[in-house]
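S.K.: here is a sequence together with a model predicted from it:
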Amino acid sequence: MIAGTYGGTISLSTDNGISWVETAGTYSDINAFVTSDLYLFASTSSVGVLRSSNNGISWSFVNNGLSAYVYSLLVSGSNIFAGTNYSVFLSTDSGANWITANTGIENNSIKTMAASGENIFAGTFGQGVYRSSNNGSSWISVNTGLTNPYIQSLVSSDSNLFAGTIDGLFLSTNNGANWVPVNNGLPDTSIKCMIISQSNIFIGTESGIFLSTNYGTSWIDVSDRLINKNIVSLAISSNYLYAGNYSGGIWIRPLSEMITSVETPSSFLPLILQLNQNYPNPFNPSTKISWQSPVSSHQTLKIYDVLGNEVATLVNEYRNAGNYEVDFNASKLASGIYFYRLQAGSYIQTKKMILLK
């Protein structure tokens, strides 16, 4: 896995996000990553495009013919497109050389790009969506029904094209010829990022992550346990959804918790320590506490009252990495607020629960 920050650092993880190593060099804001052939590409806000031939360990500049802030990258066949602060550029030789591909779309800030079949789409910040059917040689505006021209994200799935704007999400089923709003159930309509998994679409906003299982007809909030909900990037890998948020790092959640059709193999080990909220809560007198641990270690699960006094020990033994659940019976305790604390190796998490008799 690879992550880029607004501060210009690039970090790598080879264990699905459990640990990260920062690569050599600090650049300007990292906006996007794509892969093409044997190369990995990164777009930046002031130093153009970076290329790596060793899975992101080291980087070099590939900006011949390209002199602009690069916001977005798109791979379509053997072509690489770069959306910049004023134009679209094209490389046909793995980034070694770039030429403008902007007839009909000049002087537009290209925030996002997407491909669908033979068509390429560019989302601009102020002039809506443009479409090219000839590998960027020429572009036409496709904005009928699109009431907000400030495009922050574009994704395509089959015949569906979604455009996320600063004021709503729009859907086109005819290659951008017409657009309709699909915002039912969204409390925040500034759509910063999107990703599609089969027929499920996730969107990131300043208020969290939302999921639609019916191509945008309705939405549900799936931001449970997120502390910072200002989401700027999304990725899917190994049946997990990853979310990068503004100044809050990277978060992970199993798809199976949000999409019932996704089955997580029983042999699939957890990637992070996750202490779940007890259920039911409030409870009387019994409740269930579940957790997942990515490490084999001595584990303790203890209950404390509001004064910090230990009132029960539910687990105190060595356990392998995996998923666990225990029952807690509080019949001998008084009503009130209690805390349960899990420690697995160096990992520690605490949550609150309420006993109501």
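M.R.: Structure received.

S.K.: the helix or strand bottoming out on mean pLDDT in the chain pairs with which strands, and in what direction?
M.R.: One helix or strand of the chain scores below all others by mean pLDDT, DSSP states H and E: strand 274-275, with a mean of 82. Using DSSP bridges, the strands paired with strand 274-275 in its sheet are strand 286-293 (antiparallel).

S.K.: returning to what we had before: not counting its own residues, what contacts the least confident helix or strand of the chain?
M.R.: 289, 291, 292, 340, 342, 349, 350, 351 (CB atoms under 8 Å, 6 or more residues apart in numbering). Heads up, the C-betas are built off the backbone N, CA and C, glycines and all.

S.K.: which of these lies closest to residue 50?
M.R.: residue 292 (35.7 Å; CB to CB).

S.K.: show me what the closest one is bridged to.
M.R.: The residues listed as beta-bridge partners of residue 292 by DSSP bridges are residue 274, residue 323.

S.K.: pLDDT wise, what is it at?
M.R.: Predicted confidence (pLDDT) for residue 292: 81.

S.K.: how close does it get to residue 123?
M.R.: Plainly put, residue 292 is 38 Å away from residue 123 if you go by CB to CB, to the nearest Å.

S.K.: more neighbours, these two?
M.R.: Using other CB atoms under 10 Å as the criterion, residue 292 and residue 123 rank with residue 123 on top: 27 against 19.

S.K.: tell me which element the more buried one is part of?
M.R.: strand 119-124 (DSSP states H and E).

S.K.: and the closest residue to residue 60 other than its chain neighbours, backbone torsions?
M.R.: Distances taken as CB to CB, 6 or more residues apart in numbering put residue 51 closest to residue 60, at 5.8 Å, once the chain neighbours are dropped. Per-residue torsions, residue 51: phi -130, psi 140 (degrees, to the nearest 10).

S.K.: residue 51 pairs with what?
M.R.: Under DSSP bridges, the beta-bridge partners of residue 51 are residue 41, residue 60.

S.K.: and it, how far from residue 23?
M.R.: Distance of residue 51 to residue 23, given as CB to CB: 13 Å.

S.K.: joint contacts of those two?
M.R.: Counting by CB under 8 Å, 6+ apart, the residues touching both residue 51 and residue 23 are residue 59.

S.K.: my read is that residue 87 contacts residue 109, right?
M.R.: No - using CB atoms under 8 Å, residue 87 makes no contact with residue 109, being 9.2 Å away.

S.K.: coming back round to it: just the C-alpha atoms of the helix or strand just after the strand holding residue 123, please, in CSV.
M.R.: Using DSSP H and E, the helix or strand that follows strand 119-124 in sequence is strand 129-132. Extracted C-alpha coordinates of strand 129-132, given in CSV (Å, rounded to 0.1, in the frame of the first residue of the first chain):
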residue,chain,number,x,y,z
VAL,A,129,-17.4,17.9,-17.0
TYR,A,130,-15.8,17.5,-20.4
ARG,A,131,-15.7,14.3,-22.6
SER,A,132,-13.2,13.1,-25.1
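
S.K.: strands paired with strand 129-132, and their directions?
M.R.: Strand 129-132 has these strand partners (DSSP bridges): strand 119-124 (antiparallel), strand 140-141 (antiparallel).

S.K.: need the ones you listed in a markdown table with mean pLDDT and distance to residue 171, can you?
M.R.: Formatted as a markdown table, the strands paired with strand 129-132 follow (pLDDT from 0 to 100; distance: least, CB to CB, whole Å):
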| stretch | mean pLDDT | distance to residue 171 |
| --- | --- | --- |
| strand 119-124 | 95 | 13 |
| strand 140-141 | 96 | 18 |
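
S.K.: hey, which of the ones you listed is tucked in deepest?
M.R.: Compared across the strands paired with strand 129-132, strand 119-124 shows the largest average neighbour count, a mean of 24 (mean count of other CB atoms under 10 Å).
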